[in-house]
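A.B. asks: Compute the structure for the input listed below.
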Amino acid sequence: MNKYMEKLVMNVRKQLESWLNKKDQIENRELYQFLHSIVGTAKTIGLIEAGQMAESLLIQLNENDNHRWTNEELQAFLLPLISIFYYQESFSVEEVIERKGEDEGKKLILLVDDDTGLLMELKDQLESKGWIVFAVADPDRALQYYYDLHPDCVILDFQMKDQTGLEVLVELKKNLKQHFIPTIMLSRNDSKEARIKSYQLGADDFIPKPFDSDEFIVRVNRQLERKQAIDELILVDELTKVNNRKYLSQAYERLVSNLKRRNEPFCIAILDLDHFKQVNKNYGHVVGDIVLTSFAIFLRNRLRLNDTIIRYGGEEFIVLFPETKQREAKIVLERILKEFSELKFGEKEGKEPFSCTFSGGIHEVQAAEVDFKTNFNLVDGALLEAKTEGRRMVKIAPNTQEPVHQRVVHVGIVDDDPIIRTMLEDLISKSNITDGLLLDIHAFRDGMEFLESDWYLEEKEPYLIILDGMMPRMDGLEVLQKLRSLKYQERFTVMMLTSRKSDQDIARALSLGADDYITKPFKLLELETRLSHLIKRMK
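C.D. replies: Got it, this is the predicted structure:
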């Protein structure tokens, strides 16, 4: 990138950050002039894609319109331009984000290619870097995975038998809306037309086949890093580095969806630092900011990775606890309250040392009432009760509604090795991935025993079937084929257990519709992680 390109990128990103990190409304004329300036400069210095995108946005505006843009409206309107200006090759991601901690959780990649040999090779390469990869040979199944799993990156083959990668890309982009999920197109067709069409339809990178595996990994990693940069710019509180209130609605709606579909309970909590205005008054805003950031870090280090922390405003924080009962959430928050109250602040800044506490309210959301405002008022009432009774405590909002029924999941383990069967039964029954579920676990010595049992035909609830690829009498592939031939085959989620030497069997399993596979020998932790993702997407 030459110095002129870099200068424009710097200026645009500075303006975007200024707008997206403040609450003031933006004048329509100011936005119009911003886009007009990009159109006039970008194409001249070689940033063709940026210039074209700015031009397409500009024609949607009326220069003389007196509209004032809210932060949320501006974010949604400018997201295509944000994506482009956070994808410039030589621009440092570190200038936009500050890592929230070393353990950000594993990234999830959706890989779609009907070349099952290449699919397996790429899956192994990507997973060797610590990413979770779901490899899918069927485009229709890929769309289903996308909706259920919310991947961090999608990698598509340009040309497939029944449906092209471009068609899948169009479907994915229809549903991205305000969410940025990078997509990479793989193609044996390296023509100018193929590349242009891919970029026009929203691909973020185009990699011709065959390609160097090291370069492929670097390019995938770059997409994941840029996604994190954009997500944090838009959805992360600048001071505390936890999510800001713009993230609340989508996080809440996702938990509501899980509650409706899978009867997974969840809790919402509001935490308010006690007498925080006195901290700012007596010790200064610098010390006050230290208290806020310390509290955010304290929460992040003591809550689970899938718990969501949101700075709602000032000294008020919201915590969303997925798959959690209100009594469990209360125990956790009371422990955090006790530990946080023992911290001392002010000494490093030359002030009289002091400690801080917080008050909290908790409410377990019920399927009969999922309206956010209603539930927020309930938990806010519990917070007010805690404050009224002297602060430094956590209260549960009263709940008179009937508890939701437990979701039933039938688990079939089909393996001729009794040790494997016992190990898997123990893992599934004792793992926290099945907390809140009513499990019905059955083990079978081979495929024939499984099919003859008719157990898998008895219920309408979802089934998780773990199939060994190689078994006497009838192996896992034959069982898989029979399950996928049933009219209600979508009821079954299938995990294949395979040997590293059976590449042909793996390829056939993917073609027949296996939802995932893992090779023997495998680590229990890895298997548990993969089963967790499968269970979460089961309806």
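
A.B. asks: What is the neighbour count of the residue lying closest to Phe450 once chain neighbours are set aside?
C.D. replies: With Cβ to Cβ, 6 or more residues apart in numbering as the measure, Phe444 is the residue that lies nearest to Phe450, at 4.1 Å, once sequence neighbours are left out. In this view, the C-beta of every residue, glycine as well, is placed from N, C-alpha and C. Look at Phe444: counted by other Cβ atoms under 10 Å, it has 24 neighbours.

A.B. asks: And the helices in the stretch 351-500 of the chain, which stretches?
C.D. replies: With DSSP state H, counting those that start in this stretch as the definition, the stretch 351-500 of the chain shows helices at residue ranges 372-388, 418-430, 447-453, 476-484.

A.B. asks: need those in TSV with distance to Tyr32, mean pLDDT and mean neighbour count, can you?
C.D. replies: Rendered in TSV, the data for those read as follows (distance: least, Cβ to Cβ, whole Å; pLDDT from 0 to 100; neighbours: other Cβ atoms under 10 Å):
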stretch	distance to Tyr32	mean pLDDT	mean neighbour count
helix 372-388	34	92	17
helix 418-430	58	82	14
helix 447-453	65	92	18
helix 476-484	54	91	20
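
A.B. asks: List the residues that contact the residue positioned nearest the centre of the chain.
C.D. replies: Relative to the mean C-alpha position of the chain, the nearest C-alpha, by Cα atoms, centre = their mean, is the one of His150, at 5.3 Å. Counting by Cβ atoms under 8 Å, 6 or more residues apart in numbering, His150 touches 108, 181, 254.

A.B. asks: for these, which one is nearest Asn280?
C.D. replies: Asn280 has its nearest neighbour among those in Arg254, at 34.4 Å by Cβ to Cβ.

A.B. asks: Averaged pLDDT, the helix or strand that closest one falls within. What do you get?
C.D. replies: Assigned by DSSP states H and E, Arg254 belongs to helix 248-262. Across helix 248-262, the average pLDDT comes to 87.

A.B. asks: Quick check: buried residues in it?
C.D. replies: Judged by neighbour count using 16 or more other Cβ atoms under 10 Å, the buried positions of helix 248-262 are 248, 251-252, 255-256, 258-259, 262.

A.B. asks: Setting aside sequence neighbours, what's the nearest residue to Asp435?
C.D. replies: By the measure of Cβ to Cβ, 6+ apart, the closest residue to Asp435 outside its immediate chain neighbours is Glu323, 6.0 Å from it.

A.B. asks: Could I get the pLDDT score of the nearest residue to Leu156 once chain neighbours are set aside?
C.D. replies: Leaving out its chain neighbours, the residue that sits closest to Leu156 by Cβ to Cβ, 6+ apart is Gly165, at 3.8 Å. With respect to pLDDT, Gly165 has a value of 72.

A.B. asks: quick one: Asn62 is in a strand?
C.D. replies: No: assessed with DSSP: H, G, I helix; E, B strand; the rest coil, Asn62 is coil; it does not lie in a strand.

A.B. asks: Could you check how far the residue nearest to it when sequence neighbours are not counted is from Gln75?
C.D. replies: The shortest distance from Asn62 to any residue other than its chain neighbours is 7.7 Å, reached at Asn28 (Cβ to Cβ, 6+ apart). Distance, Asn28 to Gln75, using Cβ to Cβ, to the nearest Å: 16 Å.

A.B. asks: Pretty sure Val39 sits against Leu57.
C.D. replies: No: the pair Val39 and Leu57 does not pass the contact test of Cβ atoms under 8 Å, sitting 9.2 Å apart.

A.B. asks: Determine the longest helix present in the protein.
C.D. replies: Taking residue count as the measure and DSSP state H as the definition, the longest helix of the chain comes out as helix 213-235.

A.B. asks: for that helix, which positions count as buried?
C.D. replies: Buried residues in helix 213-235, defined by neighbour count with 16+ other Cβ under 10 Å: 216-217, 219-220, 222-224, 226-235.

A.B. asks: now the angle from that helix to helix 248-262?
C.D. replies: When axes from the mean of the first three to the mean of the last three Cα atoms, to 10 degrees is applied, the directions of helix 213-235 and helix 248-262 differ by 110 degrees.

A.B. asks: so how far is the first helix or strand past helix 213-235 going along the chain from its chain's centroid?
C.D. replies: Using DSSP H and E, the helix or strand that directly follows helix 213-235 along the chain is strand 243-244. What separates the centre of strand 243-244 from the centre of its chain is 14 Å, taken as Cα atoms, centre = their mean, to the nearest Å.
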